[in-house]
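J.: Give the three-dimensional model of this entry:
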Amino acid sequence: MARKSSPPEGQETVDAPEAQAFRFEPAQIEDLLLNSEILGGELVPQGSNYTFAVRMAAEDFQFWGIYKPANGERPLWDFPYGTLHFRERCSFLVSHHLGWHLVPPTVIREGPHGVGSMQLCVPYDGKSNYFTLRAEECPELVLLAAFDIMVNNTDRKGGHCFKSEDGRVWGIDHGLTFHAEPKLRTVIWDYAGVSLPEAQLNDVKKLETSLRDSDSSLRREMDELLEPDEVDIFLERVIRFRKNPCLPTPEEYRRLHWRFE
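T.: From the prediction side, this is the model:
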């Protein structure tokens, strides 16, 4: 399906951040996001919840972050109020633990409007989205589809995946994830029936092992941020996908997302 090329939500009104932030490892970027000074920012006009592009300063350079305060979350009937920023953080943790690095580094911290998620604003290439990536046959889309199944993503729009200026593929906007009920809603159905490659299936097995270990850093933090049943059922989804790593058909879920952009 064709659509106009437009920036992904959360990045429309900001200049590209300095690329030097990417010279650091994810753990170092997390530290920068947690401890850098917030110099100011602006409200991103699109989106259901309040989202701010904020300028951040470390010792020797500045960069952009995407700040989503809990106080700016719109109440939803099916997700507990004030938890979407936790889900953003958990989505990054899962992507990072898998080693797929599809979600930009994301932390929980205080900001100008209270506690919320702070995500590194990656430098968008200015033209990509799911549909252009599909046309390019980007292999990362299979991983992104598998990731969405496991985290139970209810909000994968076409503009929620894109390329950064260095050619890497990213997924953003993961506040509607980890619900205990099956709620997958996505535009990524082009890979139905495709099986996850063996190398990435091994990543899923490692994720399962960490989630089974109540003392692992991943399990401890997810237990702190999500409800117990959400974590337990997330583990069940990972186990099911590990046993049958075949991407599903739309008929098995809520089919296409109502918004394609």
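
J.: Pretty sure I29 sits against P105.
T.: Yes. Counting by C-beta atoms under 8 Å, I29 touches P105, with 4.2 Å between them. In this view, the C-beta of every residue, glycine as well, is placed from N, C-alpha and C.

J.: ok, and the closest non-adjacent residue to R87?
T.: T177 (4.7 Å; C-beta to C-beta, 6 or more residues apart in numbering).

J.: Now the one you found: which helix or strand?
T.: Using DSSP states H and E, T177 sits in no helix or strand.

J.: picking up where we left off before, shared neighbours, I29 and P105?
T.: Taking C-beta atoms under 8 Å, 6 or more residues apart in numbering as the contact rule, I29 and P105 both touch L120.

J.: So for these two, which sits in the more crowded spot?
T.: Between I29 and P105, counted using other C-beta atoms under 10 Å, P105 has the larger neighbour count: 26 against 20.

J.: burial count for M118?
T.: A total of 30 residues lie near M118 under the criterion other C-beta under 10 Å.

J.: roughly how far is the helix or strand containing it from the heart of the chain?
T.: Using DSSP H and E, M118 falls within strand 114-120. Mean-position distance between strand 114-120 and its chain equals 13 Å (C-alpha atoms, centre = their mean, to the nearest Å).

J.: Counting by contacts, list what it packs against.
T.: Packing partners of strand 114-120 (3 or more C-beta pairs under 8 Å, 6 or more residues apart in numbering; DSSP states H and E): helix 26-35, strand 62-69, helix 84-98, strand 106-111.

J.: angle of the shortest one against strand 62-69?
T.: This points to strand 106-111. Orientation check (axes from the mean of the first three to the mean of the last three C-alpha atoms, to 10 degrees): strand 106-111 against strand 62-69 gives 80 degrees.
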